[in-house]
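Trainee: Fold the following, please.
(one chain, ligands or ions: 2)
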Amino acid sequence: MLHSTLNTKAQIPRLGLGTWESKGDDGYNAILDAFDAGYRSFDLAYAYGNEEQVGRAFKHIFDSGKAKREDLFITSKLWCTVHRPELVLPAYQQTLKNLQLDYLDLYLVHWPFAMPVGEGDFPKDEQGFRKTERVPLSATWKAMEELYEKGLVKAIGVSNTPVALLYELYCGCKIIPAVNQVELHPFCQQPKLVSFCERIGVHLTAYSPLGRSGGSHAEVNASTHPVLVEIGKKHNKSAAQVALRWQIQRSQNISIIPKSTRKERIIENISIFDFELTPAEMEQIAKLDENRHVVDAAALFNVPIFN
Ligand SMILES: NC(=O)C1=CN([C@@H]2O[C@H](COP(=O)(O)OP(=O)(O)OC[C@H]3O[C@@H](n4cnc5c(N)ncnc54)[C@H](OP(=O)(O)O)[C@@H]3O)[C@@H](O)[C@H]2O)C=CC1
Ligand SMILES: O=C1CO[C@H](CO)[C@@H](O)[C@@H]1O
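Mentor: Ligands and ions are numbered 1, 2, ... in the order given. Here you go, the predicted model:
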């Protein structure tokens with residue numbers, strides 16, 4: 001497995017397993033199937049509501065003697081309802097407990113917006129948007145820095161953080177985020193964010209790298225797009241594999257976390273390290289960018305700072 005080096009000097013695998021909507025037995029089995037297929041990085045979040053079964057799957061792997069904790073790179077995320085600084089350490093400890101782990105390799109602030117505590121995980125305002133609360137990202141970040149400085153977590157980072165907010169944080173913080181996890185796929189390439197993160201040494205993890213495979217937006221389906229299908233035919237690979245390989249070649253500073261709970265796709269998605277796209281093919285894919293997001297932050301939070 002290829003790795004990128006984070007600004008903490010830790011090595012992050014270029015490919016990991018996404019787990020949003022990996023629920024119940026499917027979620028449990030996906031972790032085991034991915035481990036057997038060679039995945040060593042796993043992207044989790046409190047908000048995915050599956051920490052219990054994911055944690056059981058890790059325990060099974062460790063108990064079987066097939067891997068030690070240090071062989072895996074495990075990421076999870078601080079949810080929006082616990083951004084108040086005094087809630088960050090308890091939230092981290094709760095996640096560790098749910099996952100039956102002693103530490104995380106990477107803990108991310110899931111969104112740069114806070115939501116009020118005590119009203120459930122997804123409080124809504126009268127208009128149906130996620131209800132926000134005024135907690136500055138810098139205050140939450142200070143509490144994240146404390147986790148890192150106490151040695152409780154190996155690296156800290158952010159997610160869904162656009163250039164302006166990231167720059168503000170970067171200028172004022174003690175510990176520069178190791179990672180910004182954002183939406184990146186052929187139809188949403190975010191070139192300015194990619195080059196800015198490279199410049200300031202913040203690694204990018206590409207979420208929804210298949211454009212959710214048309215899950216919620218049929219028009220951004222990386223597993224059926226004709227240009228990707230055609231390129232794939234030349235390499236005897238699927239369109240999904242071409243979309244994933246493109247990100248591996250696009251920048252050394254990007255890792256990808258495709259999600260699947262189907263064993264054959266879990267294997268398909270990691271089988272991208274035995275072929276190479278030509279410069280002309282890379283160029284063809286670069287032209288597919290439409291800045292089309294499947295996760296629309298403004299629609300979720302009613303905070304139009306993104307596009
Ligand atoms: N930080 C954040 O705010 C966010 C983080 N994420 C993270 O990123 C991960 C990946 O993103 P996600 O939104 O899940 O979307 P992906 O782009 O990874 O697409 C997942 C969808 O594609 C299908 N799929 C997977 N592999 C293939 C394939 N080879 N061919 C065809 N279809 C395929 C899956 O179905 P099936 O399972 O049936 O195979 C699933 O419906 C998430 O799971 C999560 O961990 C995602 C969104 C936001
Ligand atoms: O991580 C996530 C998975 O997808 C959700 C729905 O689009 C996002 O809101 C969330 O940030």
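Trainee: For residue 156, which residues count as its bridge partners?
Mentor: Beta bridges link residue 156 to residue 107, judged by DSSP bridges.
Trainee: how much space between the residue of the stretch 1-150 of the chain found nearest ligand 1 and residue 89?
Mentor: Nearest residue of the stretch 1-150 of the chain to ligand 1: residue 18, at 2.4 Å (Cβ to the nearest ligand atom). In this view, the C-beta of every residue, glycine as well, is placed from N, C-alpha and C. Distance of residue 18 to residue 89, computed by Cβ to Cβ, to the nearest Å: 26 Å.
Trainee: and what of residue 293?
Mentor: In terms of Cβ to Cβ, residue 293 sits 32 Å off from residue 89.
Trainee: Can you show me the helices along the stretch 201-307 of the chain?
Mentor: In the stretch 201-307 of the chain, the helices defined using DSSP state H, counting those that start in this stretch lie at 226-235, 239-250, 263-270, 279-286, 297-301.
Trainee: still on that earlier bit, if you count what's nearby, which of residue 293 and residue 89 comes out ahead?
Mentor: residue 293 (21 against 16; other Cβ atoms under 10 Å).
Trainee: Can you tell me how far the more buried one is from residue 162?
Mentor: 11 Å.
Trainee: Likewise for residue 66?
Mentor: 40 Å.
Trainee: Look at the two and report which has more neighbours.
Mentor: Shown here are residue 66 and residue 162; by other Cβ under 10 Å, residue 162 has more neighbours (18 against 12).
Trainee: Can you read off the pLDDT for the more buried one?
Mentor: What the model reports as pLDDT for residue 162 is 95.
Trainee: again with the one 3 residues further on
Mentor: Per-residue confidence (pLDDT) for residue 165: 95.
Trainee: Would you list the phi and psi of residue 182?
Mentor: Taking degrees, to the nearest 10, you get phi -140, psi 170 for the backbone angles of residue 182.
Trainee: Now for it: which residues touch it?
Mentor: 159, 160, 161, 190, 193, 204, 205, 206, 207 (Cβ atoms under 8 Å, 6 or more residues apart in numbering).
Trainee: my read: the last one touches residue 257, true?
Mentor: Which is residue 207. Yes - counting by Cβ atoms under 8 Å, residue 207 sits close enough to residue 257 to count as a contact (6.1 Å).
Trainee: Overlap of the contact sets of the two?
Mentor: Joint contacts of residue 207 and residue 257 (Cβ under 8 Å, 6+ apart) are 18, 43, 181.
Trainee: Look up the closest residue to the first one, ignoring the ones flanking it.
Mentor: If the residues on either side of it in the chain are set aside, residue 18 comes closest to residue 259, at 3.1 Å by Cβ to Cβ, 6 or more residues apart in numbering.
Trainee: how many other residues sit next to the one you found?
Mentor: The burial count for residue 259: 24, using other Cβ under 10 Å.
Trainee: who's in contact with the nearest residue to residue 206 once chain neighbours are set aside?
Mentor: Sequence neighbours aside, residue 184 is the residue nearest to residue 206 in space, at 3.6 Å (criterion: Cβ to Cβ, 6+ apart). Taking Cβ under 8 Å, 6+ apart, we find residue 184 in contact with 190, 194, 204, 206, 207, 208, 209, 247, 254, 256.
Trainee: Between all of those residues, which two are separated the most?
Mentor: Between any two of the contacts of residue 184, the greatest separation by Cβ to Cβ is 15.2 Å, found for 194 and 208.
Trainee: The two: who's more crowded?
Mentor: Using other Cβ under 10 Å, the more surrounded residue of residue 194 and residue 208 is residue 208, with 27 against 18.
Trainee: Could you list the residues of the chain in contact with ligand 1?
Mentor: Within the chain, the residues that sit near ligand 1 (Cβ under 6 Å from any ligand atom) are 18-20, 43, 110, 159-160, 181, 207-213, 215, 223, 240, 257-262, 265, 268-269, 295.
Trainee: In this structure, where is pLDDT below threshold?
Mentor: The chain contains residues with pLDDT under 70 at 306-307.
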